[in-house]
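J.: just need the structure, nothing else, for what follows:
(one chain, ligands or ions: 1)
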Amino acid sequence: MTPQNRSGHAGRAARPQQTRVQPSRQVALDVLQAVRESDAYANLLLPTRIARAGLSPADAALATELTYGTLRLQGFYDRVITIAAGRPVDRIDPPLLDVLRLGAHQLLSTRVAAHAAVNESVGLARTVGSRSGTGFVNGVLREVGRHTVEEWRDEVARRAKNDDDRLSALYSHPVWIVRAFRRSLENEGRGEELESLLEADNTAPRVNLIALPGLAEIPDDARPDRFSPPGFTAGGGDPQGMVEAAEGRIRVQDEGSQLAALALTRAQAVTPGERWLDLCAGPGGKAALLAAEALAGGAELVANELVPARAQLVRRALAAVPLDVPVWELDGTVVGREHPESFDRILLDAPCTGLGALRRRPEARWRKTPRDVSELTALQTALLDSAVAALKPGGLLAYVTCSPHVAETRAIVADALKRHGDVLEAEETATIVQGLAAERLDLAGDPAAVQLWPHRHVTDAMFIALLRKR
Ligand SMILES: C[S@@+](CC[C@H](N)C(=O)[O-])C[C@H]1O[C@@H](n2cnc3c(N)ncnc32)[C@H](O)[C@@H]1O
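T.: Alright, predicted model coming up:
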């Protein structure tokens, strides 16, 4: 594999053919740049950019695939680009690196013809940098395109420093995340599933929907979820159209999130007049499901969310349910002190690293650091203490994260059980979740908690632990 030894000021390169950049590639590049430069969230920015560019549905789908695919496999593409360019990626102009990543994705992971991928990338390079950069991009991508993805995988693996580095490179996850996932799987005696998990994280998630129980029905032509009774994927129809037509009574929601909320609401029969609290409710997906379940069972619900803009989203989500749900904007860590022993059931869907939702937030893996874990675990502990204080004796608490990191999951719960051992006990969450699921889940590890996985359950990696206050 021949590195490109040019300086990046490629006066010597053959002049690439002039091309008009195809708009979906321009949109993808704009989003990649915004993600890199201003920490934008691809899932929020992409729809706006697609609308602004007036892309057709086909072009919008291409822009989405290019953006998400490039962000997911960025770690692998960077290794390839390093070899092809003969220099580490941190010595490549960042705007040109965006173009190279997007080009490498087209060459190695799509059916885009190689000449189109290279020419379009050269066109994009022209829009972002100096004229000299176009020759560099042309040379590097021609080298990338000279080998198949399998050959690149072999080469990248051959150069890896150790096995964690190999997995990190091939599956495009930072090493610390590879190690965190391994630890969590080993904790369940399933360490051998690591590569399947890493691979599943690089697969686009299905758009999963929920028909809020008692308020909407799963459409006849839909495919019901395997596990969550109100969950489904759309048959032939457009999921977004379905959501709009149902005015919020049908919503987009991952199956794992549905199971987490249902674990709390269906763990035992609801006594009318029960008071429920969703302590960290924004943006309100689980709050809407809790509200529907509360309405059906005659319970009351309070939602709380610290961030006012997110509290607004909770109000919007709750508008679909004809139940009066107050939305507080309190710091959840003080709710226990201000409202002691006030609630029969509490959902603590804690702020977390989100490492369990990397399929849908592709850039998150490059942003999070181990330091985020330690900051979040302190907050998770404080929120859990507050939730325990706010729970009535006999009440039930669901501690939930969309992260499988042991420090954010089993360690937080074990620590709380130790500190509140006089009043708090673990429920057999696995039995409860199996009891409500439409089909038996393949669960492993300590049955006091449930860890869902993208590779095993095709859900986000949600963690659910039910705790009872004596
Ligand atoms: C994982 S999200 C909750 C997701 C939500 N349950 C849903 O299903 O849509 C965690 C939320 O906690 C909020 N949060 C962070 N710190 C908080 C605090 N101290 N008190 C209350 N909410 C907080 C965040 O703003 C975020 O909206």
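J.: residues near the nearest residue to V80 once chain neighbours are set aside, how many?
T.: Distances taken as C-beta to C-beta, 6 or more residues apart in numbering put W152 closest to V80, at 5.0 Å, once the chain neighbours are dropped. Where you see a C-beta, it was placed from the backbone N, CA and C, and this is true even at glycine. By other C-beta atoms under 10 Å, 23 other residues sit near W152.
J.: can you give me the helices for the stretch 151-300 of the chain?
T.: Applying DSSP state H, counting those that start in this stretch to the stretch 151-300 of the chain gives helices spanning 163-171, 175-187, 194-201, 239-245, 255-265, 285-297.
J.: mean neighbour count, these: which tops it?
T.: When you average the neighbours per residue for each of these (mean count of other C-beta atoms under 10 Å), helix 255-265 leads with a mean of 26.
J.: returning to that earlier point: just the pLDDT for the residue nearest to V80.
T.: Note for W152: predicted pLDDT of 98.
J.: how close does it sit to the ligand?
T.: For W152, the distance to the ligand (C-beta to the nearest ligand atom, to the nearest Å) stands at 36 Å.
J.: ditto for N119
T.: 43 Å.
J.: quick thing: my sequence starts at 588, can you match it?
T.: Taking 588 as the first residue, the last one we looked at is N706.
J.: what helix or strand is that residue located in?
T.: Using DSSP states H and E, the secondary-structure element containing N706 is helix 701-715.
J.: buried residues in that helix?
T.: Using 16 or more other C-beta atoms under 10 Å as the test for burial, helix 701-715 gives A704, V705, N706, E707, S708, V709, G710, L711, A712, R713, V715.
J.: restrict that helix to CA atoms and write it as CSV.
T.: Listed next in CSV are the C-alpha coordinates belonging to helix 701-715 (Å, rounded to 0.1, in the frame of the first residue of the first chain):
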residue,chain,number,x,y,z
ALA,A,701,-15.0,4.7,-7.5
HIS,A,702,-14.5,7.4,-10.1
ALA,A,703,-17.6,9.2,-8.9
ALA,A,704,-16.5,9.0,-5.3
VAL,A,705,-13.1,10.5,-6.1
ASN,A,706,-14.3,13.2,-8.5
GLU,A,707,-17.1,14.3,-6.2
SER,A,708,-14.6,14.4,-3.3
VAL,A,709,-12.2,16.5,-5.4
GLY,A,710,-15.1,18.9,-6.1
LEU,A,711,-15.8,19.1,-2.4
ALA,A,712,-12.1,19.7,-1.6
ARG,A,713,-12.3,22.7,-4.0
THR,A,714,-15.1,24.2,-2.0
VAL,A,715,-13.4,23.9,1.4
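J.: packing partners for it?
T.: Using 3 or more C-beta pairs under 8 Å, 6 or more residues apart in numbering; DSSP states H and E, the elements in contact with helix 701-715 are helix 610-625, helix 681-696, helix 718-732.
J.: wait, which of the ones you listed is closest to the ligand?
T.: helix 610-625 (20.0 Å; C-beta to the nearest ligand atom).
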